[in-house]
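Enquirer: pasting the sequence and the predicted coordinates here, then a few questions.
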Amino acid sequence: MSEADTAASPLAGEREPVSPRADLITAAVLLAFGLGVVALSLHMPTFVEQSGTGLTAPGIVPGFHGTVIALLSILLGLRAARRGGLRAGGAGGSARKDLGRLSIAAVLGVIYAAVLVGRLPFWLATALFVFAFTAIFEWPRGPQGRIRRLLEAAAIALGTGWAVVLVFEKLFFVRLP
Amino acid sequence: MLDALGMLGAGFGHAFQGGVVLHAFWATLVGIIIGALPGLTATMGVALLTTLTFSMAHSTAILVLICVYVGAIYGGSRSAILLNIPGTPASAASTLDGFPLARQGLAGRAMGISTTGSWMGTLFGALCLAVLAPAVGEFALGFQSYEMFWVAMFGIVIAGSLSGGDPLKGYIAGFLGLFVATVGQEANHAYPRFAFGSTDLAGGLGLLPVLVGVFGVAEVLNSMRGPAVQAVASKIDSILPRPSDVLRYWRTIFRSGAIGTFIGAMPGLGEDIAAWTSYAAAKRASAEQEKFGKGSVEGLMAAETGESACVPGAIIPVLTLAVPGSAPAAVLMAAMMIHGLNPGPMLAISSPEFIYQIVAMLIIADMVKLFYGLVLVRPLLWVLLIPRERLMPVVFVLCTVGAFAITSRLFDIWVMLGAGLVGFVLRELRFPMAPLVLGIVLGDLLDKNLLRGLVLSDGDITPFFTRPISAVLAAVTLLTLLLSIPAVQAGWGRGRQALQRRLRRAG
């Protein structure tokens, strides 16, 4: 098989498909979501008095989307079940080796965007975030050169805080949080 | 014809007035750098740079964003050739022959081919845009609510069918996007849908915060999770494009340009599919098929020309139908709306000169790209060496600023975070992002036109199927939907084989 045949073409489908069990769980979540959207849409007012026909009811379009999502999720669930999603031990999937790194990145991002921004001056919040992010992810490289790396991280952090304020607020007149 | 040339000339004149064109240089450079860095995509680049353009005149702002778009799609080939990692998804096809060429010590030649192919592709696409957009726009003037509803549905269905390899997940992503667009006050009665008493939610989920989340935050998370990018250590030979490559493969360039532009004009498909399709077509037609995947100049040329021709192609439906041809074009369209421009069928009437201004901007961006392609080889190597641990937090900061800047609401930052986390999970579950984005962008169009159509027909749905253009659009949409079902595909294949056998026997 040539390299072209094994390439990750978007037309050729996913190379590493998600497990049937994960698809089954996704289908269940999406079904609940779709039905929830339909239920909320049905509870929206119809404004028949104003429109005369009820054809401009706010719930029509989201109700349609919710119905389609629910129907498609049933198809996804059936397909996953046919592929073995109901079998015990089918949950497996690929091991999440990088879950730790991912969690750290997500938590730092949430702390920065949802906690620090708006409470601290933007340059300071940015500098703290960039320093923490860089320092934490570079820490496992070992003690050799760590001090230098931390100093570099601090310089990058302060530089980013200063540059973002300069470029966005002073140069392009964009309001910062 | 003379009118068109006059307006094109005026478009260039406009770009050169007051040093506006100087913006093209920094914006294209930013685009190339964004494209070259694995983990940063053209969509993210255009979304982030939209923030910087708020205070600019609208023509300057659109020039900046087009330059970023053109530059980023081209920039992705740098890391594809030198690292074997596509800088943007659009450049994935370029790794197949670009990296083998680099391994053979021909990295410079590969980059020269990439520059030539990309330059010619964008030029070809821009000329197609100049010729086709006014005609399509004029045709689209006859569209009413029924047709516009089907245009939106067709966009979701075609993007869902082709953009991710799993049509079922593509459709779900598309309808999730359409749902996101319904959150907030609707147009007829100002009823706050899915607001749950929150005034922020009643204002709706901003397009830009959602896109920045889905493409920016999700990319940051994805990038930090994966293995580190290996540093490049490739010798660079001569980067000057060879005229003999162009002369020898002119058919491939022409074919790939046409394919790229056509795929660009199809809603939601985008540059990656354009590149792969151009590559596959070049391989089928080539006399040197055995070289493909092992360092074929023709293969690299085809992929680069196709993806770059797709950029102007993707802008054709933006200008004529208000339907984006790709994810970056969706953000570009959102930016046009933010700047008070109303892309869509009326553009051909209200400001026909704008179409030619866009053509002029594309050609300027293409020329600047060519310039950087020739002079900016070694500095880009250093850029590629920036560790992700130092780059990604800065990208996250830019995402935050981008989400906040449009309406100055902290709520938009939370929307960005939520969209980023949901987008990341959906990607992990192999849901394609292009239909999701298209759904978010087209949601309002579909919503308004479905209800307007129903009101006009007094609740009768037959005009959606019986008006001539509506009927064609409905038939194409339903056929696309049917052909994406595996059982129908199998039946279609069997039928075609049976027909071929019968024809062979008859012949």
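Expert: Perfect, I can see it now.
Enquirer: find the residue at the geometric middle of chain B.
Expert: When CA atoms, centre = their mean is applied to chain B, the residue found nearest the centroid is residue B:326 (2.9 Å).
Enquirer: check the gap between that one and chain A for me.
Expert: Summarising the geometry, the distance separating residue B:326 from chain A, computed by CB to the nearest CB, to the nearest Å, is 12 Å. Backbone N, C-alpha and C define where each C-beta goes, glycine included.
Enquirer: quick one: the helices in the stretch 401-507 of chain B?
Expert: With DSSP state H, counting those that start in this stretch as the definition, the stretch 401-507 of chain B shows helices at residue ranges B:410-428, B:433-456, B:463-466, B:468-483, B:486-506.
Enquirer: deepest of these, which one?
Expert: Comparing those on average neighbours per residue, with mean count of other CB atoms under 10 Å in any protein chain shown, the densest one is helix B:433-456 at a mean of 25.
Enquirer: quick check: residues of the stretch 401-507 of chain B near chain A?
Expert: Applying CB under 8 Å from any CB of the partner chain, one finds that the stretch 401-507 of chain B approaches chain A through B:401, B:404-405, B:408, B:410, B:413-414, B:416-417, B:420-421, B:428-430, B:432, B:446-447, B:450-451, B:454-455, B:458-459.
Enquirer: how does it look with 6 Å?
Expert: For the stretch 401-507 of chain B, the residues found near chain A under the criterion CB under 6 Å from any CB of the partner chain are B:401, B:404-405, B:408, B:410, B:413, B:417, B:429-430, B:447, B:451, B:454-455, B:459.
Enquirer: got the helices of the stretch 401-507 of chain B as a markdown table, with mean pLDDT and distance to residue B:371 columns?
Expert: Conversion of the helices of the stretch 401-507 of chain B to a markdown table gives the following (pLDDT from 0 to 100; distance: least, CB to CB, whole Å):
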| stretch | mean pLDDT | distance to residue B:371 |
| --- | --- | --- |
| helix B:410-428 | 92 | 34 |
| helix B:433-456 | 88 | 31 |
| helix B:463-466 | 92 | 50 |
| helix B:468-483 | 91 | 41 |
| helix B:486-506 | 82 | 46 |
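Enquirer: output these as a markdown table; include the columns distance to residue B:351.
Expert: Rendered in a markdown table, the data for the helices of the stretch 401-507 of chain B read as follows (distance: least, CB to CB, whole Å):
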| stretch | distance to residue B:351 |
| --- | --- |
| helix B:410-428 | 30 |
| helix B:433-456 | 20 |
| helix B:463-466 | 30 |
| helix B:468-483 | 24 |
| helix B:486-506 | 44 |
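Enquirer: which one of those helices lies closest to residue B:341?
Expert: Across the helices of the stretch 401-507 of chain B, residue B:341 has its closest neighbour in helix B:433-456 (14.8 Å, CB to CB).
Enquirer: ranking helices and strands of the chain by mean pLDDT, which lands last?
Expert: As the question left the chain open, I've gone with chain A. helix A:3-6 (a mean of 36; mean pLDDT, DSSP states H and E).
Enquirer: if you could check chain B rather than the one you did, that'd help
Expert: helix B:378-384 (a mean of 75).
Enquirer: ok, and what's touching that one?
Expert: When contacts are defined by CB atoms under 6 Å, 6 or more residues apart in numbering or on different chains, helix B:378-384 is touched by residues B:33, B:36, B:78, B:79, B:232.
Enquirer: most neighbours among the residues you listed, which one?
Expert: Of all the contacts of helix B:378-384, the highest neighbour tally under other CB atoms under 10 Å in any protein chain shown goes to residue B:78, namely 31 neighbours.
Enquirer: tally up the residues packed near the closest residue to chain A within the stretch 51-200 of chain B, please.
Expert: The shortest separation between the stretch 51-200 of chain B and chain A is 3.4 Å, found at residue B:165 (distances taken as CB to the nearest CB). The tally of other residues near residue B:165 (other CB under 10 Å) stands at 19.
Enquirer: where's it relative to residue B:276, distance?
Expert: Taking CB to CB, to the nearest Å as the measure, residue B:165 falls 11 Å from residue B:276.
Enquirer: what's the answer for residue B:344, then?
Expert: Shown here: residue B:344 relative to residue B:276, a distance of 30 Å by CB to CB.
Enquirer: now do residue B:393
Expert: Counting by CB to CB, the gap from residue B:393 to residue B:276 is 33 Å.
Enquirer: which of these two has more neighbours?
Expert: Looking at residue B:393 and residue B:276 with other CB under 10 Å, you find the greater number of neighbours at residue B:393, namely 29 against 26.
Enquirer: which ones are touching residue 126?
Expert: Picking chain A for this. A:160, A:161, A:164, B:397.
Enquirer: chain B was what I was after
Expert: Residue B:126 makes contact with B:312, B:359, B:362, B:363, according to CB under 6 Å, 6+ apart.
Enquirer: try 10 Å this time
Expert: Contacts for residue B:126 were tallied using CB atoms under 10 Å, 6 or more residues apart in numbering or on different chains; they are B:70, B:261, B:309, B:311-313, B:315, B:358-366.
Enquirer: which secondary structure element contains the most centrally placed residue in chain A?
Expert: Of all residues in chain A, the one closest to the mean position by CA atoms, centre = their mean is residue A:106, 9.5 Å from it. Taking DSSP states H and E as the definition, one finds residue A:106 inside helix A:99-110.
Enquirer: buried set for that helix?
Expert: When burial is assessed from 16 or more other CB atoms under 10 Å in any protein chain shown, helix A:99-110 yields the following buried residues: A:101, A:102, A:105, A:106, A:108, A:109.
Enquirer: verify the stated contact: the last one with residue A:129.
Expert: Spelled out, it's residue A:109. Yes: using CB atoms under 10 Å as the test, residue A:109 is close enough to residue A:129 to be in contact (8.2 Å).
Enquirer: shared neighbours, those two?
Expert: Contact with both residue A:109 and residue A:129 is made by residues B:393, B:396, B:400, according to CB under 10 Å, 6+ apart.
Enquirer: rewinding a little: the contacts of helix B:378-384 in helices, which ones?
Expert: B:33, B:36, B:78, B:79 (DSSP state H).
Enquirer: thanks a lot, catch you later.
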